[in-house]
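Trainee: Only the shape, not the letters, is given here:
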């Protein structure tokens, strides 16, 4: 069983569909790996081509088969708009150790709505067997 840390480099996105009609979008990303969720900063006014260049670290096992990145548009006064999402399979990064920044399709339902650039690095956890620390058990009870 694989355990370790997954570092995600969120580089940026291109060609996103603008959900704001009067001005540029203020996009941000929600990154989810199984039950862990992290959020990027808001790329204020960056519209359809935001850049983040932010790193996120997740604790993972091979039960985590994919990373889902949801792109949202921050709206003050109303609920944030869903722009689209990218699902990134993790099997390759477990075997290769790292995947350089790669472009993935952003979709909304079955509809293509842009692309996102993400780099991945997996660092296996070192398991130390026999740490030498043992609890003594009182057998006299």
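Mentor: Ah, there it is. Quantities reported herein were computed from a predicted structural model and do not represent experimental measurements. Numbers count the residues shown, from 1 in each chain.
Trainee: Now do the host helix or strand of residue 52: which elements does it pack against?
Mentor: Assigned by DSSP states H and E, residue 52 belongs to strand 51-61. Judged by 3 or more Cβ pairs under 8 Å, 6 or more residues apart in numbering; DSSP states H and E, strand 51-61 is in contact with strand 3-14, strand 27-33, strand 36-39. (Each C-beta comes from the backbone N, C-alpha and C, glycine too.)
Trainee: Can you give me the buried ones in the last one?
Mentor: Spelled out, it's strand 36-39. Within strand 36-39, no residue qualifies as buried by neighbour count (16 or more other Cβ atoms under 10 Å).
Trainee: Same check on the first one?
Mentor: Along strand 3-14, these residues count as buried under the neighbour rule (16+ other Cβ under 10 Å): 4, 6-13.
Trainee: quick one, that strand and strand 51-61 angle?
Mentor: 160 degrees (axes from the mean of the first three to the mean of the last three Cα atoms, to 10 degrees).
Trainee: Ok, the second one next?
Mentor: Here strand 27-33 runs at an angle of 10 degrees relative to strand 51-61 (the same axes, to 10 degrees).
Trainee: Give me the contact list for stretch 14-32.
Mentor: Stretch 14-32 has contacts (Cβ atoms under 8 Å, 6 or more residues apart in numbering) with 8, 10, 13, 37-50, 52, 56, 58, 67-75, 81, 83-84, 106, 108, 113-117.
Trainee: Among those residues, name the buried ones.
Mentor: Here, 16+ other Cβ under 10 Å leaves 8, 10, 13, 40, 42-43, 46, 48, 50, 52, 56, 58, 67, 69-73, 81, 83-84, 106, 108, 113-117 buried among these.
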